[in-house]
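**Student:** below are the sequence and a predicted model for it; my questions follow.
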Amino acid sequence: MNYWLMKSEPTVYGLDDLERDQQTLWDGVRNYQARNYLRQMAVGDRAFFYHSNTKPPGIVGLMTITAVGIVDPTQFDPSSDYHDPKASPDAPRWQTVTVTFGQRFDHCLTLDQLKATISPDELGVVRRGNRLSVMPVTIAIAHRLLVLGGLNPSIPGT
């Protein structure tokens, strides 16, 4: 099992929305490096849900990757903010995954808190200027994040 960090603005789609819906298609990623990370995901991987562009930004919970290799349908929809006129059903450019709600952290792990406890070399989200919406997290850092979030990393499913 691998760990990832996935960002979303809570005004667009937040952890409350995922908890209500229980599962969603993680659509709209339009960065090639982030897309490539989505392509590397496997069913059963865990992802930290990061609320961006809010005060304070930070990690608010955990989700599970439940389907992979999905063609992002928003690339074909001209009315979508994520439409890509260079994409076609015969040659899609963007893939995505389905995620399922896992757990809510006891409290938000704010960006300031993350910067104070984890180095930029250990976690990309604390690196100055990093705007990537999907990124890998090492197992060692994932366990530290789980503990900081009030979860026990030795319990299956966390």
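**Tutor:** Perfect, I can see it now.

**Student:** what ranges does the chain have for its helices?
**Tutor:** For the chain, applying DSSP state H gives helices covering 10-13, 15-21, 32-40, 111-117, 139-148.

**Student:** can you show me the strands along this protein?
**Tutor:** Taking DSSP state E as the test, the strands found in the chain are 3-8, 23-25, 46-51, 58-71, 95-110, 134-137.

**Student:** of those strands, which is nearest residue 151?
**Tutor:** For those, the distance to residue 151 is smallest for strand 95-110, at 6.3 Å, taking C-beta to C-beta. Glycine gets a C-beta too; all of them are placed from N, C-alpha and C.

**Student:** what pairs with the closest one, parallel or antiparallel?
**Tutor:** strand 23-25 (antiparallel), strand 58-71 (antiparallel) (DSSP bridges).

**Student:** need the residues that contact the first one.
**Tutor:** Spelled out, it's strand 23-25. Strand 23-25 is contacted by residues 13, 17-18, 66, 70, 72-73, 96-101 when judged by C-beta atoms under 8 Å, 6 or more residues apart in numbering.

**Student:** so which of the strands of the chain is the most surrounded?
**Tutor:** Mean neighbour count (mean count of other C-beta atoms under 10 Å) peaks for strand 46-51 among the strands of the chain, with a mean of 24.

**Student:** parallel or antiparallel, which strands does it pair with?
**Tutor:** strand 3-8 (parallel), strand 58-71 (antiparallel).

**Student:** pull it out as PDB, backbone CA atoms only.
**Tutor:** Output of strand 46-51 as PDB, limited to C-alpha atoms (Å, rounded to 0.1, in the frame of the first residue of the first chain):
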ATOM      1  CA  ARG A  46      -4.500   5.700   1.100                       C
ATOM      2  CA  ALA A  47      -4.500   9.400   0.500                       C
ATOM      3  CA  PHE A  48      -4.400  12.300   2.800                       C
ATOM      4  CA  PHE A  49      -7.100  14.900   2.100                       C
ATOM      5  CA  TYR A  50      -5.600  18.400   2.100                       C
ATOM      6  CA  HIS A  51      -7.800  21.500   2.100                       C
END
